[in-house]
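Novice: Output the structure for:
(2 chains)
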2 protein chains.
Amino acid sequence: MFSDLEEKICTPDQLRPKPDNSALVFGKYFTDHMLEVSWDSKRGWAKPVISPMHNLQLHPGAKVLHYAIELFEGMKAYRGEDGCLRLFRPDKNMARMLSTAKRSSLPTFDAEEMIKCVKRLIQIDKEWVPYSTTSSLYIRPTFIATDPSLGVASPNEALLYVLLCPVGPYFTSGFKPISLMADPQYVRSWPGGCGAMKMGANYAPTIYIQKQSELLGHQQVLWLYGADHQLTEVGTMNIFLFMLNENGERELVTPPLDGLILPGVTRLSLLELAREWKEFRVVERTITMAEVIQAHEEKRLLEIFGAGTACVVCPVSSISYQGQEYNIPRSEPSLSQRFLKTMSDIHYGRVQHPWAVDI
Amino acid sequence: MFSDLEEKICTPDQLRPKPDNSALVFGKYFTDHMLEVSWDSKRGWAKPVISPMHNLQLHPGAKVLHYAIELFEGMKAYRGEDGCLRLFRPDKNMARMLSTAKRSSLPTFDAEEMIKCVKRLIQIDKEWVPYSTTSSLYIRPTFIATDPSLGVASPNEALLYVLLCPVGPYFTSGFKPISLMADPQYVRSWPGGCGAMKMGANYAPTIYIQKQSELLGHQQVLWLYGADHQLTEVGTMNIFLFMLNENGERELVTPPLDGLILPGVTRLSLLELAREWKEFRVVERTITMAEVIQAHEEKRLLEIFGAGTACVVCPVSSISYQGQEYNIPRSEPSLSQRFLKTMSDIHYGRVQHPWAVDI
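Specialist: You can find the predicted model right below:
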């Protein structure tokens, strides 16, 4: 409970220097404090504690280190042009964290109380929120199973903690379009699995493949699924296609929440914005590589982009697939640019919007 | 390198009491010492160190805690009836550990040097190897990515460590047959994934399903794959079926190493033993639930059992599938009992065998 929150604040000599905004690399710098809440199956949740950033003491037999019983979330705090600090839809991240916890056999918690604790942590480290409208404070709630026992079983001890990182643009190339490798031999997620959950287990298997794509000169992996090579995700982002359909109508297409893809908060927000605009069709449906290639040949592809918390929107310049390189056009005016601007206006308080939550 | 091994041995007051053999629960008790070898991308492998069992100090941003970049192995040391300590085919476990490391973007190492270090660790803690021919010392090599950076990328820092646990029979029910839940809505692994690797990521998603099976009164999950409900693994074990084929010949069937299942060392050993015996057909092939049910109805099923390091062999008493409970017979003389006896004779030095390696 937030009312039980214990605060152990850094002494002035414990405070660390803040990096320049120009030096911000994703997830490399951490703020002065962290939030921890421990749980065990007998006593339930302990009091939340904010204390100086420190190493964790973990038993080497802790279940997180053997069976990957772990999950995380990613959200951001922004320093508005008006000086106010804001979160973006934290209730959505907490709802997803709870559903992942359930699937991970980790305990659930009160989402509203957790948001209050996170807000307090940000208030304490508020000088770490970059004074910049291209940077932000990345918030990483993490939840791990800590009991020191090698049985493959539900955990009896766990630790939920929250780290804060000042971050610049996710890709060092900035808003420059990225090239993708689409190779159907690698599959990120599958029906009956956990692809819709933000579990650590979904990430470890992707790193080797990401490296393969880099060796081939690409920046990210376009994850395909099934004999018909359905598009599912791009890197760690949801994917969007803006195209003319066979009737010549403009259409924004993204794969449906069928259990194979992560229900992104940015994905949801872009869909809601587009549906509000009512300027083009907005469709959640399965889309295959054959359709993409046909649309490419018929010059009906307007734009492809990824969407996620780390990057917000990230345009795609090309897809390498079955020995062919498909260059993806970029419509002018660009829809991804418009989404980025609209989202940034909300993030940085240039417009008032219910998605932006004061800290 | 083994020749660089540094040893920090417990003082007498640091030694912990050993549990009774009757109290041994899998993975609950750890010995007095552990082995650690750290790695970073600049300096490579550090010297291996054996030191008193202690908590790990991990940065809360360590990649293992977020993206499950982690793997493990499981093997055992046995105290023979002749008093000698033996390992069982450690080269096979180390070869699998290396292939998992590669797929996990973790560095590789010299398997023979690692086995020497593990042997030395066991020598130091040799009094922890149970004086019992139903118990053993479980060896848990673990390999985790430790660099404190939230980018989803290959690790630059890692820690390989080895824990030892005296263990009794894996299932508290001993050699009693177990009941299985087979529900095709849950899928452990899939083509294009990492199901053949001993990555932590393969285990986290199974725990919730295991709990579902327990709530329904079963002990383990029978993992199915595909529209035809192929049998893949049982719990954390490989699966074997002993049956009469349609020509009335006795046949030992186990699913093939097609990327969906773990290449178990016990699996390999049972296949090699059976092929040496030349008493019945030995077949690695896909087998579906429809075939199992047909064989059950035609009374051609002789026995089903799981095989793995923790349990060696574990007979199956029943399979619950699509609302039906199928009772599995147990042939007399029992093949699983014969396998267990043959393996135990090798483990405990009652026969000389090249698979048993002196420590």
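Novice: Now do the residue most central in space within chain A, the pLDDT please.
Specialist: Centroid-nearest residue in chain A, with C-alpha atoms, centre = their mean: residue A:309, separated by 4.3 Å. Per-residue pLDDT puts residue A:309 at 93.
Novice: Excluding covalently adjacent residues, which one is nearest to it?
Specialist: residue A:74 (4.7 Å; C-beta to C-beta, 6 or more residues apart in numbering or on different chains). Every C-beta, even on glycine, is put in place using the N, C-alpha and C of the backbone.
Novice: so the one you found touches residue A:90, yeah?
Specialist: No - with contact defined as C-beta atoms under 8 Å, residue A:74 does not reach residue A:90; the gap is 11.3 Å.
Novice: Get me the contact residues on the stretch 1-150 of chain A for chain B.
Specialist: Residues of the stretch 1-150 of chain A that fall close to chain B, judged by C-beta under 8 Å from any C-beta of the partner chain: A:25-28, A:30, A:34, A:53-61, A:64-70, A:72, A:102-105, A:138, A:140, A:142, A:144, A:148-150.
Novice: give me phi/psi at the residue in the stretch 101-250 of chain A positioned nearest to chain B?
Specialist: Closest residue of the stretch 101-250 of chain A to chain B, C-beta to the nearest C-beta: residue A:150 (2.5 Å). When read as degrees, to the nearest 10, the backbone of residue A:150 gives phi -90, psi 0.
Novice: Same check on residue A:277?
Specialist: Dihedral angles (degrees, to the nearest 10) for residue A:277: phi -70, psi -30.
Novice: returning to that earlier point: now, which of the residues of the stretch 1-150 of chain A next to chain B lie within strands?
Specialist: A:34, A:56, A:57, A:58, A:70, A:72, A:138, A:140, A:142, A:144 (DSSP state E).
Novice: Pull out the buried residues from the residues you listed.
Specialist: Among these, those buried by neighbour count (16 or more other C-beta atoms under 10 Å in any protein chain shown) are A:34, A:56, A:58, A:70, A:72, A:138, A:140, A:142, A:144.
Novice: can you name the farthest residue from the center of chain A?
Specialist: In chain A, by C-alpha atoms, centre = their mean, residue A:247 is the one farthest from centre (34.3 Å).
Novice: tell me which element it is part of?
Specialist: Element membership for residue A:247 (DSSP states H and E) is empty, with no helix or strand holding it.
Novice: pLDDT score for it?
Specialist: 95.
Novice: go on, residue A:170?
Specialist: Predicted confidence (pLDDT) for residue A:170: 64.
Novice: And for the one 5 residues further on?
Specialist: Confidence at residue A:175, expressed as pLDDT, is 67.
Novice: domain parsing for chain A?
Specialist: A:2-169, A:178-344 (the TED database).
Novice: For those domains, please prepare TSV with the additional fields distance to residue B:47.
Specialist: TSV is the format used below for the domains of chain A (distance: least, C-beta to C-beta, whole Å):
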stretch	distance to residue B:47
domain A:2-169	18
domain A:178-344	27
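Novice: ok, and the closest non-adjacent residue to residue A:76?
Specialist: Counting by C-beta to C-beta, 6+ apart, residue A:136 is the residue found nearest to residue A:76 once chain neighbours are left out, at 4.5 Å.
Novice: Give the bridge partners for the one you found, please.
Specialist: As for beta bridges, residue A:136 partners with residue A:167 under DSSP bridges.
Novice: ok now do it, which residues does it touch?
Specialist: By C-beta atoms under 8 Å, 6 or more residues apart in numbering or on different chains, the contact list for residue A:136 reads A:76, A:77, A:78, A:79, A:129, A:130, A:166, A:167, A:347.
Novice: And what about the first one, helix, strand or coil?
Specialist: Here residue A:76 takes the strand state, with states given by DSSP: H, G, I helix; E, B strand; the rest coil.
Novice: So it sits against residue A:347, correct?
Specialist: Yes - when contacts are counted by C-beta under 8 Å, residue A:76 is listed as touching residue A:347 (7.4 Å).
Novice: picking up where we left off before, among the contacts of residue A:136, list the two that are farthest apart in space.
Specialist: A:166 and A:347 (14.7 Å; C-beta to C-beta).
Novice: nearest spatial neighbour of residue A:98, skipping sequence neighbours?
Specialist: residue A:108 (5.2 Å).
Novice: Now do the phi/psi pair for that neighbour.
Specialist: Given degrees, to the nearest 10, the pair of backbone angles that residue A:108 has is phi -90, psi 170.
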